[in-house]
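In: Model the following, please.
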Amino acid sequence: MKKMAIVFLSLMIFGVISLQADLAFDIPFDPDVVGPAYNDSSYIYVSEYFSIVNNGVTDHFTVVLEYGSMPPDWSIMFCHILNGSGACHLPVYPWNFNFASGDTLFLDFTINVNSAGSMDFTYTFTAPSLTTPYVLDFSYTTGVSVDDPQSNEKVLLKNSPNPFSESTSISFNLKNSAHRGAEITIYNLQGKCVKTYDITPDMNSITWNGKDEKGTAMPSGVYYYTISLDDEITKTKKLLLLK
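Out: Take a look at the predicted model:
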């Protein structure tokens with residue numbers, strides 16, 4: 001009887017543990033982000049996606065992005081992808097969603113930079129099955145000027161709008177135009193080439209309409225674009241297509 005009681009108690013404890021949420025985070029970049037320099041020209045910084053896996057039970061979750069002090073002329077928002085669909089959200093306002101066991105949530109952040117400066121911000125996750133909230137800390141700081149000797153970037157690269165639904169403009173500024181060849185290539189998440197654009201010295205932007213080389217409209221999702229100089233990938237960034 002005593003042995004049965006111990007087994008029953010063990011099962012109860014296991015049952016309580018199994019009913020708790022367990023989140024695993026994978027952030028593929030330094031949470032203390034140093035972005036491009038502000039050179040009297042506004043820009044939009046879009047981070048890579050980071051992932052959250054629900055290794056616990058299915059539950060109704062809330063995530064909110066909050067910030068401390070922010071330069072008065074900046075703004076921030078975040079976007080998500082869950083089960084193949086996505087949307088973007090303003091800070092301070094909580095986003096509520098159903099997070100099934102085993103599912104993966106992708107989040108990012110977009111900052112409109114209109115001056116040199118820095119800010120701290122957090123993502124806070126809560127759910128009935130969480131014993132305590134999960135909090136992820138980030139910071140963003142504008143980098144050194146491209147005219148600064150410390151800057152060694154071969155090319156400046158950005159796109160807008162991002163996310164986009166119909167088309168997005170990818171702009172670039174090659175610091176040295178003496179290259180054998182330059183091109184921008186767009187890939188899907190599986191690494192398959194979707195579209196390639198050859199770059200000539202007189203170009204400073206291209207526009208992608210969300211279609212592949214055959215003119216087929218691509219589905220909503222995350223895409224990556226690279227710029228290659230002298231047959232070497234110099235920089236990679238991310239696009240989010242939402243229809």
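In: Can you tell me the element the residue nearest to Leu82 when sequence neighbours are not counted falls in?
Out: Leaving aside its sequence neighbours, Leu82 sits nearest to Leu105 (CB to CB, 6 or more residues apart in numbering; 5.1 Å). C-beta coordinates here come from the backbone N, C-alpha and C atoms, glycine included. In this structure, Leu105 is located in strand 104-107 according to DSSP states H and E.
In: How far does that strand sit from its chain's centre?
Out: Centroid separation between strand 104-107 and its chain, computed with CA atoms, centre = their mean, to the nearest Å, is 9 Å.
In: Show me how the record splits this structure into domains.
Out: 22-143, 155-241 (automatic domain parsing).
In: I'd like those domains as JSON lines, with mean neighbour count appended.
Out: As requested, those are arranged in JSON lines below (neighbours: other CB atoms under 10 Å):
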{"stretch": "domain 22-143", "mean neighbour count": "15"}
{"stretch": "domain 155-241", "mean neighbour count": "15"}
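In: Worst mean pLDDT among those domains?
Out: Ranked by mean pLDDT, the domains of the chain end with domain 155-241 at the bottom, a mean of 82.
In: how far away is the closest residue in space to Glu66 that isn't next to it in sequence from Ser51?
Out: In this structure, Glu66 finds its nearest non-sequential neighbour in Thr122, 5.5 Å apart by CB to CB, 6+ apart. Here Thr122 is placed at a distance of 17 Å from Ser51 (CB to CB, to the nearest Å).
In: shouldn't Val92 be in contact with Val64?
Out: Yes - Val92 lies in contact with Val64 (CB atoms under 8 Å); the separation is 6.9 Å.
In: For Phe97, list each beta-bridge partner.
Out: When bridges are called by DSSP bridges, Phe97 pairs up with Phe61.
In: Hmm, Leu82 and it touching each other?
Out: Yes - using CB under 8 Å, Phe97 is in contact with Leu82, at 6.6 Å.
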